[in-house]
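Just to be clear, the model below is a prediction. Sequence and coordinates:
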Amino acid sequence: MSLLRFKMFEKALDHKPVEVKAPAQNPSDYFGVMVFGRTQMRKYLNKQIYESLLDTIENNTPLSADIADAVAAGMRQWALENGADHYCHWFQPLTGGTAEKHDSFSEPDGTGGMLEEFSGKVLVQQEPDASSFPSGGIRNTFEARGYSAWDPTSPAFIVDTTLCIPTVFISYTGEALDYKTPLLRSITAVSNAATEVCRYFDRSVERVKVFLGWEQEYFLVDDALWSARPDLVQTGRTLMGHESAKNQQLDDHYFGAIPQRVLAFMRDLEYECLKLGIPLKTRHNEVAPNQFELAPIYEEANLANDHNQLLMTVMGKVATRHHFRVLLHEKPFKGINGSGKHNNWSLGTDTGVNLLKPGRTAFENLQFMTFLVNVIYAVHRHNGLLKASVMSASNEHRLGAGEAPPTIISTFLGTQISEVLDKIESANGNEDIRFDSKNVFRMGGLTQIPSLLLDNTDRNRTSPFAFTGNRFEFRAVGSSDNCADAMIVLNTAVAEALIDFRKRVDARIANGEKKDKAIFEILRELIRECKAIRFDGNGYSDEWRKEAERRGLDCETSAPLVLDRYLDKESVELFSKLNVYTAKELEARTEIKWEQYVKKIQIEARVLGELAMNHIVPIASRYEDILLDKVWKMSQLGMQSKSDTELIKLIQRRTALIQKLVNDMIEARKVANVIENTRTKAIAYHDTVAIYFDKIRTEIDKLEEVVDDQIWTLPKYREILFVK
Ligand code: ADP
Ligand code: MG
C-alpha cells in the first residue's frame, strides 16, 4: 500500500461508531417538533387565522394579506422560540438539490436599533437573485427576475437555525423554473380527473389525493478514502477501479446485520428526520457492499417529495458527523449494483378509499379495475415520455444494466390481475361482471377467477413499473433524482387517460347504455389497446428487448435521444391541455436536461483524462522503471528475466494506449464543444466522447492488477467498499 493510501486507510479504520445520544423520549414525543405543523399552528395562531390557513391548505382558497401577516407573526414567534434567527425561501431549482437564501429576522429599525421583522409579505413572496439558476433561456429572453412564492400545503420547518419556507420558483412571466410548480399542477390535473371518474361510483367524493412513498438507496463510504479519490469527489462516482475479488456475489450483504458505524449514522439520521416530520420507517442493507436503503411512510406527493429533497440534504450533513460520505450517484462502482429510488404511487379519495386497492364489493372492484386499467393505459400511451422523465447522464448507467429496470417501460401486474384482465378482454359483451361476497371475481357465465383480492405477493423485481397490491411502484427513478419529474409525467398521463375514459363512457351512457355496462365495455377496449405494455417475464433478458421492439414500445437507450420524447407532439399536447407545462416551458426544461448531460460528461471526461495522465500513467511508468532497472541488472549478471520483460511490454502497451485514448477523447471533446445546438452537442458527447470512458478505464483497471500495490495511490475498491 502506498503511504498516502495507507494513511487514509488507517484513518478510516480509526473511525469508530459515533455515539449518538439516544433521545430520552419516544419518537412520538419529538416527531415534527421542528415543523410548523397543525399542532404548532393551533398554538401560535388564533382560531380564526388557523381556520383560514387550513382552508388555504385544504381547499386552495387565497390567503388575504391580513391573514398572511398574522400567520407570519405566529410562525416567527415559534421559530424564534425554537432557536431560529434566520429565515429562507426553500425551493427546488432545475440544477437539482435545493436552494435557500437566508435572511435575518432582524432588520434595522431606522433609528439605530434592530427590529425583529418578518411580515406576511416576505412569507408569501420573495425575489431571490436567481440569475445563476438555469432557466433554459426563459429568463434571458424576458426578465432576469425570478420569484419564489409560498406553498402553504407543505409546512415550514427549521434546519439548524434557519426557518425554511417551502416555495415554488417561477419567472417574472409566470413560467416554472423549478420542480415543485409543475408537480403541483400535475397533482391538480390528476386529482380533478380522478374525482370526476370516482363520481361514477361514489357521489360523495370531493377530492382525490395523490400519494407517494419513496424508497431511497444510497452508498456510504469513509470520508478519508473518499477524499483520496478525485473521481468520487468531483463526479460522485469512481471512473476507474478494479473489481474487488469479493463483492456482492455471496449475497451476504442484503438484509444482513447493519455495521455498527452505519447503524449509528442511521439512528442519528432517523432522529434528525423525525424531528423534521419525515416519517422514516424502514432501513436495511441493500444488495451491494456499503449500500443501504431507507423508506418513510407514504404521504401526499408534494409533501413526500419535499421530504425526499430534505432527506438528501440532511443525509449529507449527518454523514459528515460520522466520517462518511453519502453517494447518491446511480452507479458509483462498476461491477456492483447501482442505486435507485422506487416511487410507490397511488390515488386515494378524501373519503379514505385507496383507488388502487381491490375492494370488498363488486362496485368497489369495478372502481379498482377502472383506475388500474387507466394507469396502465396511460403508461402505455406515454411509455417513452415516462422513460425520459428518469433519464440522465448518471441514471443512464443503471437502466438496462441487468441489475435495474431495463430501458423499456412495461408494467407488471402479477398472474391474478393479468388473468382478470384477460378474461375481461375476451368476455362477450352480454355477460355481467361482479365480485361476490368472498371477493371472488365473477363474470356472467364465465368461470370464476379466484382470489384476485388476496394479498398480491408475487413480485417481479425486473419490472420498471410494477403493481404491488395497493399501489404502483415505479422503479426506474434515479437515486439522485428529484422524484417530481417522474411523478409529473405519471400524474399528467393518468389525468389524460381518465378524462378520455370519462368521455368514452359518457358517450355510451348518452346512447342509453347502463353505466356499469358502459364502464365495463370501455375497460375492455382499453385493455385491448394497451396490451403491449403488459409484461410479466424477465425484463433483463435479451428476448424482452426484441419482443418489446416488436410490440412497438420505446426501446431507445441513448439519454439525449430519450429526452426527445418531451418534445413529441403528443407530449406537448398532453402537458399543455392539462396546464402542466406550456410548450415554452417544455422546450426550456429539455434544453436544461441536454445542457446538464453535456456538463456531466464533460466533467467526467476531464477528471478521467487528468487522472489517467497525471496519476495512472506516471505510477505505472514508475513501476515499469523499477522493472527495467531489475532486468538490466539481471542481464549484467547474465540472468534471464523473460517474465519481467513481458510485464514491461504489457505495461508499456497499456500506458501507450491510455495516452492515445485520452488524446483522442480530448480531440472528440474539442469537436463537440464548438457545436452550438445543445441537443446536437449532447448527442455528440454521448456518441463520441463518453465512448472513451470504458475503453480508458479497462486499461487502467488492468494496470491496477499488475502495478506494485506499494506505489498505487488511489484507494482500491476492496478498501473503499468494505470499511465498516
Ligand atoms: P418494498 O421494499 O417491499 O417495496 P418498502 O416497505 O421498502 O417495501 O417500501 C414500500 C413503500 O411504499 C413505503 O414508502 C410505503 O410507505 C409505500 N406505500 C405503501 N402503500 C402505499 C400506497 N398506497 N401509496 C403509496 N405508497 C405506498
Ligand atoms: Mg419497493
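Great, that's in hand. Ligands and ions are numbered 1, 2, ... in the order given.

Smallest gap between the stretch 601-724 of the chain and ligand 1, at which residue?
Leu721 (22.6 Å; C-beta to the nearest ligand atom). C-betas here are computed from N, CA, C, even on glycine.

try the chain
Gly213 (2.6 Å).

Let's verify that residue: helix, strand, or coil?
strand (DSSP: H, G, I helix; E, B strand; the rest coil).

Give me the number of neighbouring residues for the nearest residue to it once chain neighbours are set aside.
The shortest distance from Gly213 to any non-neighbouring residue, by C-beta to C-beta, 6 or more residues apart in numbering, is to Tyr298 (2.9 Å). Neighbours of Tyr298 under the rule other C-beta atoms under 10 Å: 19.

from memory Tyr298 sits against Glu215, does it?
No: if you go by C-beta atoms under 8 Å, Tyr298 and Glu215 don't touch, sitting 10.2 Å apart.

who touches both of those two?
Residues touching both Tyr298 and Glu215 by C-beta atoms under 8 Å, 6 or more residues apart in numbering: Asn344.

quick one, phi/psi of the residue sitting nearest the centre point of the chain?
Central residue of the chain (C-alpha atoms, centre = their mean): Asp481, 3.2 Å from the mean position. Main-chain torsions, Asp481, degrees, to the nearest 10: phi -60, psi 160.

confidence score at it?
pLDDT, Asp481: 97.

again, but for Ile648
pLDDT, Ile648: 97.

And the one 3 residues further on, by the same measure?
pLDDT, the model's per-residue confidence, is 98 for Ile651.

Check Asp564 too.
Reported pLDDT for Asp564: 98.

residues near it, how many?
The burial count for Asp564: 18, using other C-beta under 10 Å.

Same question for Lys633.
Neighbours of Lys633 (other C-beta under 10 Å): 11.

The protein - how does it break down into domains?
31-178, 187-236+249-581, 596-720 (automatic domain parsing).

export the ones you listed to a markdown table and tack on distance to Ser2?
Output for those, formatted as a markdown table (distance: least, C-beta to C-beta, whole Å):
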| stretch | distance to Ser2 |
| --- | --- |
| domain 31-178 | 34 |
| domain 187-236+249-581 | 10 |
| domain 596-720 | 5 |
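
Would you mind finding the most buried of those?
Among those, domain 187-236+249-581 has the highest mean neighbour count (mean count of other C-beta atoms under 10 Å), at a mean of 20.

now the end-to-end length of that domain.
13 Å (C-alpha to C-alpha, to the nearest Å).

Low-confidence ranges, the chain, go.
Applying pLDDT under 70 to the chain flags residues 22, 114-116, 129-132, 137-144, 247-256, 360-363, 428-458, 723-724.

Around ligand 1, pick out the residues from it.
211, 213, 215, 282, 295-298, 344-346, 354, 470-471 (C-beta under 6 Å from any ligand atom).

Around ligand 2, which positions in this structure sit nearby?
Residues of the chain lying close to ligand 2 by C-beta under 5 Å from the ion are 215, 342.

Could you rerun that using 6 Å?
215, 342, 473 (C-beta under 6 Å from the ion).

Show the contacting residues for Thr462.
405-406, 538-540.

what's the spacing between it and Leu399?
12 Å (C-beta to C-beta, to the nearest Å).

distance of Glu496 from Phe575?
10 Å.

Hmm, I typed the wrong one, I wanted Pro23.
45 Å.

repeat for His102
34 Å.

what sits against the closest residue to Ser204 other than its chain neighbours?
Using C-beta to C-beta, 6+ apart and skipping residues adjacent in sequence, the residue nearest Ser204 is Thr351, 6.1 Å away. Applying C-beta under 8 Å, 6+ apart to Thr351 gives the contacts 202, 204-205.

what's the closest of the residues you listed to ligand 2?
Val205 (28.1 Å; C-beta to the ion).

so where does the residue in the chain that ligand 2 sits nearest to fall, helix or strand?
Of all residues in the chain, the one sitting closest to ligand 2 is His342 (4.2 Å; C-beta to the ion). Under the criterion of DSSP states H and E, His342 resides in strand 340-349.

how far is that strand from where the chain is centred?
12 Å (C-alpha atoms, centre = their mean, to the nearest Å).

likewise stretch 400-416?
Per C-alpha atoms, centre = their mean, the centroid offset for stretch 400-416 relative to its chain is 17 Å.

Now the terminal residues of it, how far apart.
27 Å.

going forward, begin numbering at 35 instead of 1
All right, first residue 35 from here; so that's stretch 434-450.

list the contacts for Asp598?
Counting by C-beta under 8 Å, 6+ apart, Asp598 has contacts 422, 713.

picking that back up, next up, the contacts around the residue of the chain closest to ligand 2.
Contacts of His376 (C-beta under 8 Å, 6+ apart): 248-249, 507-509, 511.

Show the residue spans covered by the strands in the stretch 335-484 of the chain.
358-361, 374-383, 445-446, 467-469, 475-477 (DSSP state E, counting those that start in this stretch).

now the ones you listed in CSV, with distance to Leu38?
Formatted as CSV, the strands of the stretch 335-484 of the chain follow (distance: least, C-beta to C-beta, whole Å):
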stretch, distance to Leu38
strand 358-361, 18
strand 374-383, 34
strand 445-446, 48
strand 467-469, 68
strand 475-477, 66
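
Select, out of these, the one closest to Pro749.
Ranking those by proximity to Pro749 (C-beta to C-beta) places strand 358-361 first, at 12.3 Å.

Could you list the residues in contact with that closest one?
252-257, 260, 266, 270-271, 295-296, 299, 349-350, 353, 373.

now could you export just the CA positions of it as PDB?
Below are the C-alpha coordinates for strand 358-361, written out as PDB (Å, rounded to 0.1, in the frame of the first residue of the first chain):
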ATOM      1  CA  PHE A 358     -19.000   9.100   6.000                       C
ATOM      2  CA  ARG A 359     -19.900  10.400   2.600                       C
ATOM      3  CA  VAL A 360     -23.200   9.600   1.100                       C
ATOM      4  CA  LEU A 361     -23.100   8.600  -2.600                       C
END
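
so what strands line up beside that strand?
When pairs are called by DSSP bridges, strand 358-361 turns out to pair with strand 242-256 (antiparallel).

where along the stretch 85-234 of the chain do the helices fall?
99-115, 154-158, 172-175, 214-232 (DSSP state H, counting those that start in this stretch).

Redo those as a markdown table? Include distance to Arg731.
What follows is the helices of the stretch 85-234 of the chain, written out as a markdown table (distance: least, C-beta to C-beta, whole Å):
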| stretch | distance to Arg731 |
| --- | --- |
| helix 99-115 | 49 |
| helix 154-158 | 50 |
| helix 172-175 | 38 |
| helix 214-232 | 37 |
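
closest to Ser655 out of these?
helix 172-175 (48.0 Å).

How about Ser514, nearest residue that isn't a chain neighbour?
Leu362 (4.2 Å).

Show the contacting residues for that neighbour.
252, 270, 346, 349, 373, 513-514.

And for Arg599?
418-419, 421-422, 588, 605.

Pipe those residues into JSON lines and attach distance to Gly130 per row.
Formatted as JSON lines, the contacts of Arg599 follow (distance: C-beta to C-beta, whole Å):
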{"residue": "Gly418", "distance to Gly130": "23"}
{"residue": "Leu419", "distance to Gly130": "20"}
{"residue": "Lys421", "distance to Gly130": "19"}
{"residue": "Ala422", "distance to Gly130": "16"}
{"residue": "Asp588", "distance to Gly130": "24"}
{"residue": "Ser605", "distance to Gly130": "22"}
